[in-house]
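1. Got a sequence here, can you model it:
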Amino acid sequence: MKEEPKGDLKHLGNGPEGSKRQSPLRKSTRKPKAVKKQVQKKPKPKLNLQDKFEDIESLDLSEKNVIFKPNVGPQTRFLAAGEREVLYGGAAGGGKSYAMLADPLRYMAHPQFSGLLLRHTTEELRELIWKSQEMYPKIYPGIKWSERKMQWVAPSGARLWFSYLDRDQDVLRYQGLAFSWVGFDELTQWPTPFPWDYMRSRLRSTAPDLPVYARATTNPGGPGHSWVKKMFIDPAKPNESFWATDIETGKTLTYPKGHSKEDEPLFKRKFIPAILSDNPYLAEQGDYETMLLSLPDNQRKQLLDGNWDVSEGAAFTEFNREIHVIEEEAIPGSWTKFRSCDYGYGSFSAVLWFAVAPDEQLVVYRELYVSKVLAKDLAYMVLEAEQDDHNIRYGVLDSSCWHKRGDTGPSLAETMITEGCRWRPSDRSGGSRVAGKNEIHRRLQVDEFTEEPRLVITSNCRNLIAQLPVLPLDKNNPEDINTKAEDHLYDALRYGVMSRPRSSLWDYDPATAKTSSFTPSDPVMGY
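-> Residues are numbered from 1 along each chain as shown. Now for the predicted structure:
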């Protein structure tokens with residue numbers, strides 16, 4: 001069998017198939033090509049993803065066959081985001097699904113790319129598959145869909161797998177696999193962060209030009225509303241990049257002791273909100289907006305306004321971040337100040353500081369939220385935090401801290417009082433929980449004379465602002481909140497508002513009062 005010639009062979013003329021080669025003895029009749037003078041080209045400046053997508057917005061694509069162009073605003077910011085983990089969400093109709101489908105396409109030309117797009121169930125996954133079958137073949141000619149494997153394979157060899165994750169045990173299906181991109185569509189459908197955390201552990205890449213990303217889209221509400229809010233919404237303002245934090249402690253995630261990057265933050269996150277008006281193709285029709293306007297109040301706030309401060313069964317639906325949260329500012333020295341505390345070692349200790357304005361408005365201006373802290377150490381932390389206040393009138397502490405529980409040693413309250421951090425017991429009488437909840441409702445209302453709410457919280461009290469609007473009602477007792485929820489700051493708030501705070505008392509003169517001159521009549525009770 002005749003051996004085929006090596007190399008690329010060009011077909012010349014209109015002759016039969018094969019190649020025509022000139023005899024080496026024959027002189028060439030072609031004129032030698034002029035040697036072009038090589039001009040050194042200036043290197044083009046490298047653009048990051050944000051620059052590239054902003055550049056797309058300025059292009060005239062009217063005569064181009066454009067398959068997908070991101071909407072100006074949130075959708076473009078999501079596709080251009082360089083943070084390790086990004087959540088794109090808010091109101092319904094903001095273009096989340098198309099953004100999620102478009103995001104991994106930038107890497108489909110890389111032969112080592114392996115991506116995974118997840119929904120909670122296979123039924124929910126089907127809509128994404130239909131949309132991808134509409135988009136992908138037009139964008140990547142030659143890309144193949146495998147129904148059996150539920151996977152797209154690009155001509156480069158890159159793969160994008162569509163799958164589901166219904167139960168926590170389903171993560172074992174992905175054990176041992178590696179992905180450079182993982183996406184969760186409708187993240188709040190997962191009740192706990194376990195699937196998200198586990199699948200993030202599958203992110204790895206050996207190619208220096210192939211970064212690893214975790215992406216998610218969702219609306220407010222759903223079983224996982226609370227943990228998603230803690231992870232992406234509460235730590236920073238929308239569209240603001242921030243270092244990833246532990247959702248339980250709020251502390252920045254850092255490299256451990258002994259690591260070459262010891263105490264350095266691990267990676268960044270970002271939340272990019274979107275509302276219906278950010279998707280002009282859907283907003284201009286008006287029908288979808290009409291449907292959303294007809295929903296019940298809580299659902300309308302979530303799906304139309306993208307409001308994360310409401311949840312199904314929430315106890316304090318009147319809370320409004322725009323009304324009840326104010327900027328942090330110095331409290332006048334003449335205002336009455338006090339504090340309240342709900343102590344816990346195994347869970348959390350919550351301390352709130354209050355100031356009473358001349359019009360009787362209550363201002364929560366500082367918080368302390370810590371866990372695994374002894375009573376003595378908490379006393380030191382409280383005194384250090386208020387060393388510049390000088391006129392803390394009193395402190396209210398959970399009355400259970402005075403219980404000795406059969407021992408003869410000092411109680412938790414006595415331990416703190418001995419260190420100079422004085423308290424008086426909170427009201428634990430029958431019905432005090434319901435009365436305290438009603439008082440918070442009253443304080444959150446807008447006063448008809450001052451046109452201001454009777455309770456405001458400064459923006460530095462992030463944990464209280466995050467927890468108060470999503471506290472659930474007790475299903476068995478709708479007059480109280482669910483005590484199994486994270487209610488430590490709520491209890492501290494309740495103790496404070498029930499302490500009968502007044503802007504001025506007959507026995508107090510801020511000009512002459514000194515904290516060190518106060519002596520409790522009962523050293524154990526603290527007042």
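
2. how distant is the host helix or strand of Asn298 from the center of its chain?
-> Assigned by DSSP states H and E, Asn298 belongs to helix 297-303. Distance of helix 297-303 from its chain centroid, counting by Cα atoms, centre = their mean, to the nearest Å, is 19 Å.

3. Which elements pack onto it?
-> On a contact count with 3 or more Cβ pairs under 8 Å, 6 or more residues apart in numbering; DSSP states H and E, helix 297-303 meets helix 287-293. Where C-beta positions appear, they are placed from N, C-alpha and C, glycine not excepted.

4. picking up where we left off before, how about exporting the helix holding Asn298 as PDB, limited to the C-alpha atoms?
-> Listed next in PDB are the C-alpha coordinates belonging to helix 297-303 (Å, rounded to 0.1, in the frame of the first residue of the first chain):
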ATOM      1  CA  ASP A 297     -48.200  41.100  50.500                       C
ATOM      2  CA  ASN A 298     -45.100  39.000  51.500                       C
ATOM      3  CA  GLN A 299     -44.800  37.200  48.200                       C
ATOM      4  CA  ARG A 300     -45.200  40.500  46.300                       C
ATOM      5  CA  LYS A 301     -42.400  42.100  48.300                       C
ATOM      6  CA  GLN A 302     -40.100  39.100  47.600                       C
ATOM      7  CA  LEU A 303     -40.900  38.400  43.900                       C
END
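
5. got a list of contacts for that helix?
-> With contacts defined as Cβ atoms under 8 Å, 6 or more residues apart in numbering, helix 297-303 is touched by 91-92, 219-221, 292-293, 295, 307-308, 310-312, 314, 317.

6. Show me what the helix or strand following it is packed up against.
-> Sequence order places helix 321-324 as the next helix or strand after helix 297-303, per DSSP H and E. Applying 3+ Cβ pairs under 8 Å, 6+ apart, one finds that helix 321-324 contacts strand 455-458.

7. For the strand it packs on, name the packing helices and strands.
-> Here strand 455-458 is seen to pack against helix 321-324, strand 325-326, strand 362-370, helix 432-444 when contacts are counted using 3+ Cβ pairs under 8 Å, 6+ apart.

8. so how far is the first one off the chain centroid?
-> The one in question is helix 321-324. Here helix 321-324 is found 19 Å from its chain centre; the criterion is Cα atoms, centre = their mean.

9. And that helix, what's buried?
-> Residues of helix 321-324 classed as buried: His324 (neighbour count, 16 or more other Cβ atoms under 10 Å).

10. Now tell me what touches that helix from outside.
-> Helix 321-324 is contacted from outside by 309, 444, 446, 453, 455-457, 465, 469, using Cβ under 8 Å, 6+ apart.

11. for the last one, same thing?
-> Contact partners of helix 432-444, identified using Cβ under 8 Å, 6+ apart, comprise 315-316, 318-319, 324, 362, 426-427, 453-455, 479-481, 493-495, 497-498.

12. same question, the shortest one
-> With Cβ under 8 Å, 6+ apart as the contact definition, strand 325-326 has outside contacts at 363, 456-459, 465.

13. now do 10 Å
-> Here strand 325-326 makes contact (Cβ atoms under 10 Å, 6 or more residues apart in numbering) with 309, 319, 363-365, 452-453, 456-459, 461-462, 464-465.

14. what pairs with it, and is each one parallel or antiparallel?
-> strand 455-458 (parallel) (DSSP bridges).

15. Heading C-terminal from the partner strand, find the next helix or strand.
-> Heading C-terminal from strand 455-458 (DSSP H and E), you reach helix 462-467.

16. Can you tell me which helices and strands that next one packs against?
-> Counting contacts by 3 or more Cβ pairs under 10 Å, 6 or more residues apart in numbering; DSSP states H and E, helix 462-467 packs against strand 325-326, strand 349-356, strand 362-370, strand 455-458, helix 488-497.

17. and Trp335, what are its phi and psi?
-> Reported as degrees, to the nearest 10, the phi and psi values for Trp335 are phi -80, psi 140.

18. likewise Ser340?
-> phi -140, psi 160.

19. Number of residues surrounding it?
-> Neighbours of Ser340 under the rule other Cβ atoms under 10 Å: 27.

20. show me the contacts for it.
-> Counting by Cβ under 10 Å, 6+ apart, Ser340 touches 350-354, 364, 394-398, 423, 426, 491-499, 501.

21. again, only using 7 Å
-> 352, 395-396, 492, 495-496, 499 (Cβ atoms under 7 Å, 6 or more residues apart in numbering).

22. Nearest to Asp168 among those residues?
-> Taking Cβ to Cβ as the measure, Asp168 lies nearest Ala492 of the contacts of Ser340, at 32.9 Å.

23. what about the closest one, how many neighbours?
-> Ala492, neighbours per other Cβ under 10 Å, totals 30.

24. isn't it right up against Trp353?
-> No. Contact criterion Cβ atoms under 7 Å: Ala492 and Trp353 do not qualify, at 10.0 Å.

25. returning to that earlier point: average pLDDT across the helix holding Asn298?
-> In this model, helix 297-303 has an average pLDDT of 73.

26. try stretch 192-209
-> The model assigns stretch 192-209 a mean pLDDT of 91.

27. who's in contact with that stretch?
-> Residues outside stretch 192-209 that contact it (Cβ under 7 Å, 6+ apart): 110, 112, 165, 168, 171, 174, 177-180, 182, 184, 187, 190, 211-212, 214, 227, 231, 247.

28. Make CSV from the helices and strands packed on strand 455-458 and add distance to Thr252 and mean pLDDT to it.
-> Output for those, formatted as CSV (distance: least, Cβ to Cβ, whole Å; pLDDT from 0 to 100):
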stretch, distance to Thr252, mean pLDDT
helix 321-324, 24, 91
strand 325-326, 23, 94
strand 362-370, 15, 95
helix 432-444, 31, 93
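
29. Highest mean neighbour count out of the ones you listed?
-> Most buried of those by mean neighbour count (mean count of other Cβ atoms under 10 Å) is strand 362-370; its value is a mean of 20.

30. next SSE after that one?
-> helix 375-385.

31. quick check: angle from that next one to strand 349-356?
-> 30 degrees (axes from the mean of the first three to the mean of the last three Cα atoms, to 10 degrees).

32. so what secondary structure elements neighbour helix 375-385?
-> strand 362-370, helix 412-418 (3 or more Cβ pairs under 7 Å, 6 or more residues apart in numbering; DSSP states H and E).

33. so where's the stretch 251-400 of the chain shaky on pLDDT?
-> Within the stretch 251-400 of the chain, the stretches with pLDDT under 70 are 277-286, 288-289, 312.

34. and Phe415, what is it in contact with?
-> Slight slip there: residue 415 is Thr, not Phe. For Thr415, the contact set (Cβ under 7 Å, 6+ apart) comprises 375-376.

35. Please read the previous query as pertaining to Ala315.
-> Contact partners of Ala315, counting by Cβ under 7 Å, 6+ apart, are 471-473, 481.

36. Cool, thanks, signing off.
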